[in-house]
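Visitor: Just to be clear, the model below is a prediction. Sequence and coordinates:
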Amino acid sequence: MCSSVHYSVGARLLTQRCDESWMNSKPIERAGEPAWATLQRLRKFLEENGARISVPDDRHFESEGAAIEAGLKRTMAGRDIVMRDLIRAVYRFRDAALVDERKAAFGSALQNLYRELERAEELVGPS
């Protein structure tokens, strides 16, 4: 923003023009795209990939960004849970297949593995 200079009428006029220009300037842009459009593009991408993002009642830049952030965190946490459950199912199945003391649990370990594979597949789609 231009600094105020009060030495002459010309300086005041120049300062006024600079201030008007600053107040009427375009929103901050990134590579020619307004920040709001970037948020909407991010929202669309996340929703297309399974994120549930709420729509704020009072939609402005900060509330939209907060909603997208919350949806992304929720989605990542859900995916982390599914991955941890899948990893546990793989270990349980491995133990049931290889450890003599756990061979009796082979059938339930296999069912659990299939169930967790289905949950993971729901998130990322079939291979």
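Guide: Happy to help now that I have it.
Visitor: where's Arg52, which helix or strand?
Guide: Applying DSSP states H and E as the criterion places Arg52 outside every helix and strand.
Visitor: Over the host helix or strand of Ala97, what's the mean pLDDT, rounded is fine.
Guide: Assigned by DSSP H and E, Ala97 belongs to helix 61-98. Mean pLDDT, helix 61-98: 92.
Visitor: Can you name the element that comes right after it?
Guide: helix 106-124.
Visitor: That following helix: which residues count as buried?
Guide: Ala109, Asn112, Leu113, Glu116 (16 or more other C-beta atoms under 10 Å). (Each C-beta comes from the backbone N, C-alpha and C, glycine too.)
Visitor: ok, now stretch 83-93?
Guide: Leu86, Ala89, Arg92, Phe93.
Visitor: how far away is the residue nearest to the first one when sequence neighbours are not counted from Met76?
Guide: Distances taken as C-beta to C-beta, 6 or more residues apart in numbering place Glu116 nearest to Leu86, at 4.4 Å, with adjacent residues excluded. Spatial separation of Glu116 from Met76 under the definition C-beta to C-beta, to the nearest Å is 18 Å.
Visitor: before we move on, what about Leu46?
Guide: Counting by C-beta to C-beta - Leu46 and Met76 are separated by 10 Å.
Visitor: Looking only at neighbour counts, state which of the two leads.
Guide: More crowded of Leu46 and Met76, by other C-beta atoms under 10 Å: Leu46, with 16 against 11.
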